[in-house]
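Chemist: Provided below are the primary sequence and the corresponding predicted coordinates.
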Amino acid sequence: MTLPAIGLMIAAAWAARMWPAQRRNALLAISLTALFALHADQGVYTAAVLSGAAVILVAGVWLIVTEQAAPTWTTPEGRKRAALILIIAVIGVFAALKLPMAGQVGAVFSLPSGWAWIGFSYLAFRLLHVLLDYRIGRAPGLSLPDFALYALFFPAIPAGPIARVEVFAKELRATPGPLTPALRRLMRGVFKKFVLADGLALFALSEALAADARTGGIGAAAALWIAVYAYALRLFWDFSGYTDIAIGIGMVAGIKLPENFESPYLKSNLNAFWNNWHITLSMWFRAYVFMPISRTLMSTRLRSQREIVVLIAQVSTMVLIGLWHGAALNFVLWGLWHGVGLWVWRQYAERARDWDARIAEQPRLQRLIRAGGVVVTFHYVCIGWVFFALPSSDLIGKVLLGLIGRAA
Amino acid sequence: MGQLIRIGLKAVALFLIFNLIWLAAQPMTFLNRLTVYNGLVPGRERFPFAEYPAESYALTVNSLDQIFAAHIVSRPKAADEFRVLHIGDSGVWGYLLEPDQSQAACITRQRLTLPDGRRVVAYNLGYPTLTAIKDLLILRRGLQHQPDLVIWSITLASLYPADQLDFPLLHAARDEIAALQAEYAFNLPQWPLPAPEAFARTFIGQRRQVADWLRHQLYGPAWAATRIDHRIPKFVAPHPVNLDPNDGLLSVNVVNLREPGRFTAPDLALDVVRVGMEWAKSAGVPLVLVNAPMYRNDSHPLRYNTYYPRWAYDSYREVMAAEAAREGWPYRDLWDAAPPDAFTDTDFHLTATANCAYAERLIRESLAATVRKD
């Protein structure tokens, strides 16, 4: 996402805002244009195929979940089965795009090698949310243009946030708010992404820096920790900066997108971290992965082993989130690190309830413990970022040893 | 909408005022001395010079004050330290070598101790450009860091008067060179350099310098973590050994020699060298002038290498020897100190092994030339 592109999107959102009677249609036209433009550098044909496929997918989902639009010969049960098939298809495409076989899939449609369906995962999350809710009796009840705008809203195409359809529909009908907060939000996002995050990129942990880094001794360890901290902050400012930009553009257009970050590095435990980091993604996986896995396992013989159920559900969820980032071992390790960490925190929290109640009577001690929790949680997350940032287990091992002053 | 327009106008007005203040105050002079190096992160072992910044974790910075502030030479001198500064070009800097493979690093690694107990510690103040004026500016700053010995490596190509000012580092030091010109009137055909316009002194005009200063600081932690400041390619094309059958000079600016077919003293930037020698003498610091080693094709009738036809280099060596003897300069002609197979991509860059072997001879001869051993 470049500054000129952001400028264009702001201008487009502003133009749509100036046309209240046709705001929805204007925003939809802009979204379809942006969808095409996002893929334009892959060639006109590829851009047309990918944006066309997205539109067809969105229309197909709408047809299934919208009773008024469904053909008369279909039944609710049939449409729910169709929804299930579409869920499997979307997940299948999702998986295929993450794996090397994506190239072969693309060849079927004469797409060039190295093609990329930008923003598909976020589109998939929105559509899967609608399809899964439909299967439990919650239909969005939107017109096709409204639904298409929800699925393809241009500021949120590349990297979210993932709005819920009912919340988005409400925002679409609401009167646009004032511009000043929107512009303030945009400036904050641009500063975080293009100044802070891009500045840290010069010395943040990376595959190249990890390979070049010296290890062994306090000085080398300190330098590596600085690189890891820089990576943690860079990732946060890059991602939350982008979210600010997306929310800001949405506000200019008159649509308030959900928040995605609430000071996650200032949380005193891992559970709170995940409640405040990439909030919409966490909520999505909690609702559609963690809860169903937990419910399913609790209906088996494992129901007497509740904590084992929670462990399996948490680890599975986090590993899936890891795999969503990339189909590689390092992302699995990252997911495992957080899944186990969340479970360990849960065990501690369950057992420390009485102690927590006693501590609450001593505010100063409570603040001190809370500060300690923030430091511990931040460092736990930072170590997790080592798995996330480095694609090879050799480099991961080298950095982890280096962080404790050991030569690799 | 009205409020937004008012905010916009105020922002423009404030920005204009900020630029005017910047124009008046010229804060880059102060900013160039502000650094994370030698404090938050270790100092750099040689001046930053990077053709590939991201892979080198370094940035070519065109401020002498900035690169000195970031260099380890700016650290306080230890009580038992015999400080040696090594000034010169890319051969001294260590092109295609790691920082700890430079001649200065090799000298330090020898752990020499003088009879009075002081440890010899050498500092690499080389910079990859062939110009004596650049060396002079570096020498001036180097003399402020309490050296006990300065080794100034030169070669013929660093002494062409008409090639002295062709480099961004010197363009950025225009004011300083102007002051030197006013005092010493060097023979510099390229002078005067174009004076910067007022716009170039505003914040907008200097935004690149500000950005480079910031990036230079941001590369500090990466330097600390890797100690890499130079991307060394996996494959290096060796310097040419099959020379052209002509006796022309590589520099197209060297014309109208006073005596056709040979260099004489006025044809070289010896006025610059002379000032440097005087500065060092005034500061009480021994300065050894060294004619740097180079690749020699002993079988070619017309040329030594791609840079030098025989007529040019032979006459240069004669001039240097005569001038040094006349002026009483400590001078060592080490042009043949490295074997022909010791060079890498150019006629001046040595392999790591040859560089260290040469450095051993260099410090030995430099100490012998200047330091009286009790």
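Modeler: Perfect, thanks for sending it.
Chemist: which ones are touching residue 41?
Modeler: Chain wasn't specified; assuming chain A. If a contact means Cβ atoms under 8 Å, 6 or more residues apart in numbering or on different chains, then A:D41 has no contacts. Any C-beta I mention is one placed from the backbone N, CA and C, and that applies to glycine too.
Chemist: I was after chain B.
Modeler: A:223, B:220-221, B:223-224.
Chemist: Greatest separation within those residues: which pair is it?
Modeler: Greatest spacing in the contacts of B:V41, by Cβ to Cβ: A:A223 and B:G220 (9.8 Å).
Chemist: low-scoring stretches of the stretch 201-350 of chain B, by residue?
Modeler: Low-confidence segments of the stretch 201-350 of chain B (pLDDT under 70): none present.
Chemist: Pull up the residues of it that are close to chain A.
Modeler: When proximity is defined as Cβ under 8 Å from any Cβ of the partner chain, the stretch 201-350 of chain B approaches chain A at B:214-215, B:218-222, B:224-228.
Chemist: what's near enough to touch the closest residue in space to B:W152 that isn't next to it in sequence?
Modeler: What sits nearest to B:W152 in space, not counting adjacent residues and going by Cβ to Cβ, 6 or more residues apart in numbering or on different chains, is B:I87, at 4.8 Å. By Cβ under 8 Å, 6+ apart, the contact list for B:I87 reads B:125-126, B:135, B:138-139, B:142, B:150-153.
Chemist: likewise B:N19?
Modeler: By Cβ under 8 Å, 6+ apart, the neighbours of B:N19 are B:202-204.
Chemist: tell me which of the residues you listed is nearest to chain A?
Modeler: Nearest to chain A among these, counting by Cβ to the nearest Cβ, is B:F203 at 15.8 Å.
Chemist: contacting residues for that closest one?
Modeler: Neighbour list for B:F203: B:18-19, B:22, B:210 [criterion: Cβ under 8 Å, 6+ apart].
Chemist: For the stretch 51-200 of chain A, which residue gets nearest to chain B?
Modeler: For the stretch 51-200 of chain A, Cβ to the nearest Cβ, closest residue to chain B: A:G199, 5.6 Å.
Chemist: For chain B, see how far away A:N330 is.
Modeler: Separation of A:N330 from chain B (Cβ to the nearest Cβ, to the nearest Å): 20 Å.
Chemist: Pretty sure that residue sits in a strand.
Modeler: No - counting by DSSP: H, G, I helix; E, B strand; the rest coil, one finds A:N330 to be helix, located in no strand.
Chemist: Pretty sure it sits against A:L390.
Modeler: Yes - taking Cβ atoms under 8 Å as the definition, A:N330 is a contact partner of A:L390 at 6.1 Å.
Chemist: Can you work out which residues contact both of those two?
Modeler: Shared contacts of A:N330 and A:L390 (Cβ under 8 Å, 6+ apart): A:I396.
Chemist: Can you verify the residue nearest to B:W152 is assigned to a strand?
Modeler: Yes - counting by three-state DSSP, one finds B:I87 located in a strand.
Chemist: Can you give me the pLDDT of it?
Modeler: B:I87 is assigned 98 on the pLDDT scale.
Chemist: in the sheet, who's paired with it?
Modeler: Beta-bridge pairing of B:I87 under DSSP bridges involves B:L125, B:W152.
Chemist: Angles on the backbone of B:L287, please.
Modeler: phi -130, psi 120 (degrees, to the nearest 10).
Chemist: thinking again about what came up before, looking at A:N330 and A:L390, which has the bigger crowd around it?
Modeler: A:L390 (24 against 20; other Cβ atoms under 10 Å in any protein chain shown).
Chemist: Distance check, that one against A:C382.
Modeler: A:L390 is 13 Å from A:C382, where distance means Cβ to Cβ, to the nearest Å.
Chemist: check which helix or strand covers the residue nearest to the residue of the stretch 51-200 of chain A closest to chain B when sequence neighbours are not counted.
Modeler: Of all residues not flanking A:G199 in the chain, B:L218 sits nearest, at 5.6 Å (Cβ to Cβ, 6+ apart). Assessed by DSSP states H and E, B:L218 sits inside helix B:207-226.
Chemist: Can you tell me which residues in the stretch 101-250 of chain A are near chain B?
Modeler: For the stretch 101-250 of chain A, the contact set with chain B under Cβ under 8 Å from any Cβ comprises A:179-180, A:183, A:199-200, A:202-203, A:208-209, A:212-214, A:219-220, A:222-224, A:226-227, A:230.
Chemist: B:V288: what secondary structure?
Modeler: Following three-state DSSP, the label given to B:V288 is strand.
Chemist: so it bridges to which residues?
Modeler: B:I151.
Chemist: thought it was touching B:T370?
Modeler: Yes - contact criterion Cβ under 8 Å: B:V288 and B:T370 qualify, at 5.8 Å.
Chemist: And the helices in the stretch 1-150 of chain A?
Modeler: A:3-17, A:23-38, A:44-65, A:76-98, A:102-108, A:120-135, A:144-152 (DSSP state H, counting those that start in this stretch).
Chemist: For the longest one, enumerate the helices and strands it packs against.
Modeler: Helices and strands touching helix A:76-98, by 3 or more Cβ pairs under 8 Å, 6 or more residues apart in numbering or on different chains; DSSP states H and E, are helix A:44-65, helix A:102-108, helix A:120-135.
Chemist: Check which residues of that helix are buried.
Modeler: Using 16 or more other Cβ atoms under 10 Å in any protein chain shown as the test for burial, helix A:76-98 gives A:79-80, A:82-83, A:86-87, A:90, A:93-94, A:96-98.
Chemist: Following the chain onward from the helix or strand containing B:W311, which element is next?
Modeler: Here B:W311 is covered by helix B:310-327, with elements defined by DSSP H and E. As assigned by DSSP H and E, the chain's next helix or strand after helix B:310-327 is strand B:331-333.
Chemist: which regions of chain A lie under the pLDDT threshold?
Modeler: For chain A, the ranges with pLDDT under 70 are A:101-103.
Chemist: ok, now with 50
Modeler: Of all residues in chain A, none has pLDDT under 50.
Chemist: about what we covered before: any idea how far the residue of the stretch 51-200 of chain A closest to chain B is from A:W237?
Modeler: Distance of A:G199 to A:W237, given as Cβ to Cβ: 9 Å.
Chemist: thinking again about what came up before, in helices only, show me the residues of the stretch 101-250 of chain A next to chain B.
Modeler: A:179-180, A:183, A:199-200, A:208-209, A:212, A:219-220, A:222-224, A:226-227, A:230 (DSSP state H).
Chemist: follow-up on the earlier one: redo the contacts of B:I87 as TSV? Include neighbour count and distance to A:V344.
Modeler: Shown next, in TSV, are the contacts of B:I87 (neighbours: other Cβ atoms under 10 Å in any protein chain shown; distance: Cβ to Cβ, whole Å):
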residue	neighbour count	distance to A:V344
B:L125	28	54
B:G126	25	55
B:D135	27	62
B:I138	23	58
B:L139	25	62
B:G142	26	57
B:V150	27	62
B:I151	31	61
B:W152	29	64
B:S153	24	61
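Chemist: now, among these, which is nearest to chain A?
Modeler: Of all these, chain A sits closest to B:G126, with 22.8 Å by Cβ to the nearest Cβ.
Chemist: pLDDT wise, what is that closest one at?
Modeler: pLDDT, B:G126: 98.
Chemist: Number of residues surrounding A:F236?
Modeler: 21.
Chemist: about what we covered before: make CSV from the contacts of B:N19 and add secondary structure to it.
Modeler: Output for these, formatted as CSV (three-state DSSP):
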residue, secondary structure
B:T202, coil
B:F203, coil
B:I204, coil
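Chemist: want to try TSV for those, with distance to B:F186 as columns?
Modeler: Below are the contacts of B:N19 laid out as TSV (distance: Cβ to Cβ, whole Å):
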residue	distance to B:F186
B:T202	31
B:F203	33
B:I204	33
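Chemist: Out of those residues, which is nearest to A:W274?
Modeler: Nearest member of these to A:W274, counting by Cβ to Cβ, is B:F203, at 42.9 Å.
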